[in-house]
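*Asks:* The sequence and its predicted three-dimensional model are supplied below.
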Amino acid sequence: MSNIAKIMPASMVDGEGVRVSVYISGCSFHCTGCYNASIWDFNKGTPCSDVLIQEIMTLLDHDYIQGLSILGGEPLQNIELTRQLVRAVRENFGHRKDIWLWSGYMIEWILHSPYAQLLDEIDVLIDGPFVQSLYRHHLKFRGSLNQRIHYLTKKGAPFE
C-alpha cells in the first residue's frame, strides 16, 4: 500500500491557478538539497484508501480549484497510487480539472517505460531530478535549471 505524505487543499505554487496538491511518499533518487527529503521514506504519511481518494475529489470539487498537482517523493515510484489519483480525477471531472505531475525521471525515459501511458492522462509534466548546483530561486514550478515543463495538452498550456 502506498502512502500520501501531505495534501494541500489550496496551493498556489504547484502549478497554474489554485490547486489541490498531493505529495506521495517515497523516493529512491535522494537528490542532494531536495526540498521534500522528509518524505523519501515510502512509509511516511497516511496509507492511501478509497476514503482518502474521495476526500481529495471533494477538495477538487470547487469552481476555484483549477486542478490536481501530484508531487513527491517520486510519483512514478508509487505508480499504482498515481494512476489511481489520475483515474479518479478523470472519472469525476473529465478534463475540466487539469493534472500536473512532477517526476525526477526525464520524459525521454518515461516515453519508453511502463509509465508512458500515464502521459496521455496528464496535462503537464515537470521532469528531471533536482540538481542543487543548478538551483535558481526564481524558476517557476521547478527547482533547478535542468528540470523542464512539458505542456502535454492545451488544457495545461499557459494563457489559454
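*Replies:* Noted; the coordinates are in hand.
*Asks:* could you pull out the strands for the protein?
*Replies:* Counting by DSSP state E, residue ranges of the strands within the chain are 3-11, 18-24, 46-47, 65-72, 98-103, 124-127, 148-151.
*Asks:* closest one to Trp40 among these?
*Replies:* Taking Cβ to Cβ, strand 65-72 is the member of the strands of the chain nearest to Trp40, at 8.8 Å. For glycine as for every other residue, the C-beta is placed from the backbone atoms N, C-alpha and C.
*Asks:* How far does the closest one sit from its chain's centre?
*Replies:* Averaging C-alpha coordinates over strand 65-72 and over its chain gives two centres that are 6 Å apart (Cα atoms, centre = their mean, to the nearest Å).
*Asks:* sorry, back to before: would you reformat the strands of the chain as JSON lines and include distance to Lys140, mean pLDDT and mean neighbour count?
*Replies:* Output for the strands of the chain, formatted as JSON lines (distance: least, Cβ to Cβ, whole Å; pLDDT from 0 to 100; neighbours: other Cβ atoms under 10 Å):
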{"stretch": "strand 3-11", "distance to Lys140": "14", "mean pLDDT": "97", "mean neighbour count": "18"}
{"stretch": "strand 18-24", "distance to Lys140": "14", "mean pLDDT": "98", "mean neighbour count": "24"}
{"stretch": "strand 46-47", "distance to Lys140": "30", "mean pLDDT": "95", "mean neighbour count": "12"}
{"stretch": "strand 65-72", "distance to Lys140": "13", "mean pLDDT": "98", "mean neighbour count": "24"}
{"stretch": "strand 98-103", "distance to Lys140": "12", "mean pLDDT": "98", "mean neighbour count": "27"}
{"stretch": "strand 124-127", "distance to Lys140": "10", "mean pLDDT": "98", "mean neighbour count": "22"}
{"stretch": "strand 148-151", "distance to Lys140": "8", "mean pLDDT": "97", "mean neighbour count": "14"}
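*Asks:* would you turn these into a markdown table with distance to Val89?
*Replies:* Converted to a markdown table, those look like this (distance: least, Cβ to Cβ, whole Å):
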| stretch | distance to Val89 |
| --- | --- |
| strand 3-11 | 14 |
| strand 18-24 | 9 |
| strand 46-47 | 19 |
| strand 65-72 | 5 |
| strand 98-103 | 6 |
| strand 124-127 | 13 |
| strand 148-151 | 18 |
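*Asks:* Great, nothing more from me.
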